[in-house]
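Colleague: Just to be clear, the model below is a prediction. Sequence and coordinates:
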Amino acid sequence: MKKVYNFINLSIEYLMVGIFAILVIDVLAQVFARHLFSNSPSFTEELARYALIWLSILGMAYLSGKREHLTMNFLYRKLTIASRIRVFISIELMIILFAAMVMVIGGGNLVMITWTLDQVSPALHLPLGMIYSIVPLSGLLIIYYAIYNILTGNKNENEK
């Protein structure tokens, strides 16, 4: 199980580095084009927007898996060990519920609707379903990470 967890983390890290590299190159090209030609290609702004969306949502799933997301644990640290375990499992179950309902089901519906309606992005002419597919994918990753955390007792060191 740890090997799968590490493989998924490494894959997401490489994907995020690649997306970030595309984002940097795209924005630099846009700046140079504006400086040299007083105009930049229309696709550069759209590519930067979609790359940032993918980077943000995928980063959210990644940080959830690494247990490095924003937490306020000052009350949590005051609980007994038994209470901490119950709270930890309750929080992970709520994360699973949110990711399943909002990201996987809601995001999946969004992807299906945009594929069905053949919606494409204005400048890149990419199917918007492909762009939005990061939402249910990240939801599945978050669910996997939450289940992994429950099964392994994977807790952030700051919570101890």
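Modeller: Cool, got the structure.
Colleague: Tell me how far the closest residue to V31 other than its chain neighbours lies from Y50.
Modeller: In space, and not counting its chain neighbours, V31 is closest to S40: 7.9 Å by C-beta to C-beta, 6 or more residues apart in numbering. C-beta coordinates here come from the backbone N, C-alpha and C atoms, glycine included. Remark: distance between S40 and Y50 (C-beta to C-beta, to the nearest Å) = 16 Å.
Colleague: between these two, who's got more neighbours?
Modeller: Y50 (22 against 17; other C-beta atoms under 10 Å).
Colleague: From I12, how far out is the nearest residue to the more buried one once chain neighbours are set aside?
Modeller: Of all residues not flanking Y50 in the chain, I131 sits nearest, at 5.3 Å (C-beta to C-beta, 6+ apart). Distance from I131 to I12, counting by C-beta to C-beta: 18 Å.
Colleague: OK, contacts around Y14?
Modeller: Neighbouring residues of Y14 by C-beta atoms under 8 Å, 6 or more residues apart in numbering: there are none.
Colleague: Let me see the backbone angles for it.
Modeller: phi -60, psi -40 (degrees, to the nearest 10).
Colleague: same thing with V120?
Modeller: Taking degrees, to the nearest 10 as the convention, V120 sits at phi -130, psi 160.
Colleague: In the host helix or strand of K3, which residues are buried?
Modeller: For K3, the host element (DSSP states H and E) is helix 2-37. Using 16 or more other C-beta atoms under 10 Å as the burial criterion, the residues of helix 2-37 that qualify are 5, 8, 12, 19, 22-23, 26-27, 30.
Colleague: need the residues you listed in JSON lines with pLDDT and distance to K66, can you?
Modeller: Below are those laid out as JSON lines (pLDDT from 0 to 100; distance: C-beta to C-beta, whole Å):
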{"residue": "Y5", "pLDDT": "94", "distance to K66": "10"}
{"residue": "I8", "pLDDT": "96", "distance to K66": "11"}
{"residue": "I12", "pLDDT": "97", "distance to K66": "10"}
{"residue": "I19", "pLDDT": "98", "distance to K66": "17"}
{"residue": "I22", "pLDDT": "97", "distance to K66": "23"}
{"residue": "L23", "pLDDT": "97", "distance to K66": "21"}
{"residue": "D26", "pLDDT": "96", "distance to K66": "27"}
{"residue": "V27", "pLDDT": "94", "distance to K66": "27"}
{"residue": "Q30", "pLDDT": "93", "distance to K66": "32"}
